[in-house]
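[1] build me a structure from this.
(chains A and B)
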Amino acid sequence: AQSVTQLGSHVSVSEGALVLLRCNYSSSVPPYLFWYVQYPNQGLQLLLKYTTGATLVKGINGFEAEFKKSETSFHLTKPSAHMSDAAEYFCAVSPPFSGNTPLVFGKGTRLSVIA
Amino acid sequence: GAVVSQHPSWVICKSGTSVKIECRSLDFQATTMFWYRQFPKQSLMLMATSNEGSKATYEQGVEKDKFLINHASLTLSTLTVTSAHPEDSSFYICSARAGQLTYNEQFFGPGTRLTVL
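    From the prediction side, this is the model:
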């Protein structure tokens, strides 16, 4: 079984400050890992994903995440927050051969950006 | 690529009526589609998983007779909320998977806001 824990349901940062959203996972096999973003009243949009290979993954909008197997973590970062980054962020995990099994999502972290 | 559309984007209906929500994969064939429900400021709640031509698999606690899911083709799935009541008011999101070629990524529709009066 797989699970995802997102530490902090709400994170608030100042505009221009570092964004760090934490995600820890549990998986019995090497996982695929995802970060999605959801803006109000919209669906989810993929920010980035890790499957295999390089552990530092770069995504859209200046976000990146690093897969750390020893820490079972996949934290999302952005060097400088922008007002437009305010949204809900979801971390998700999947085994490589999942068939019809859906992604397992964390409970989400709401990011607020203060001017 | 990998666009998923939902229709309608919002709907208001009277209690007791049925509402159908369509989910389409516009530029790929969806081997599997998922339906989620989301309450304000909460995470996604998986309702059911469906494969083309097969009966949907519902999550525990989801009434399959109330939330009818049809996956008639590789590009279309529908969710029908039968005899809707105010407690069914929610944000419904569909998601489609194109298979293992996309590393199990799920592509999401924009969501449908249902309000039952």
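
[2] from residue A:61, how far out is residue B:61?
    Residue B:61 is 36 Å from residue A:61, where distance means Cβ to Cβ, to the nearest Å. All C-beta atoms are positioned from the backbone trio N, CA, C, and that covers glycine.

[3] give me the more crowded residue out of the two.
    Legend: neighbour count by other Cβ atoms under 10 Å in any protein chain shown for residue B:61 and residue A:61, higher for residue A:61 (13 against 7).

[4] so that one sits in a helix?
    Yes. Residue A:61: assigned to a helix according to DSSP: H, G, I helix; E, B strand; the rest coil.

[5] can you report how many residues lie near residue A:96?
    Residue A:96: 14 neighbours (other Cβ under 10 Å).

[6] before we move on, what about residue B:105?
    22.

[7] return the residues in contact with it.
    For residue B:105, the contact set (Cβ atoms under 8 Å, 6 or more residues apart in numbering or on different chains) comprises A:34, A:46, A:49, B:2, B:97, B:98.

[8] most neighbours of all these, which one?
    Taking other Cβ under 10 Å to define a neighbour, the member of the contacts of residue B:105 with the most is residue A:34, carrying 30 neighbours.

[9] so what's that residue up against?
    The neighbours of residue A:34, taking Cβ under 8 Å, 6+ apart as the test, are A:46, A:48, A:49, A:50, A:91, A:92, A:93, A:94, A:103, B:105.
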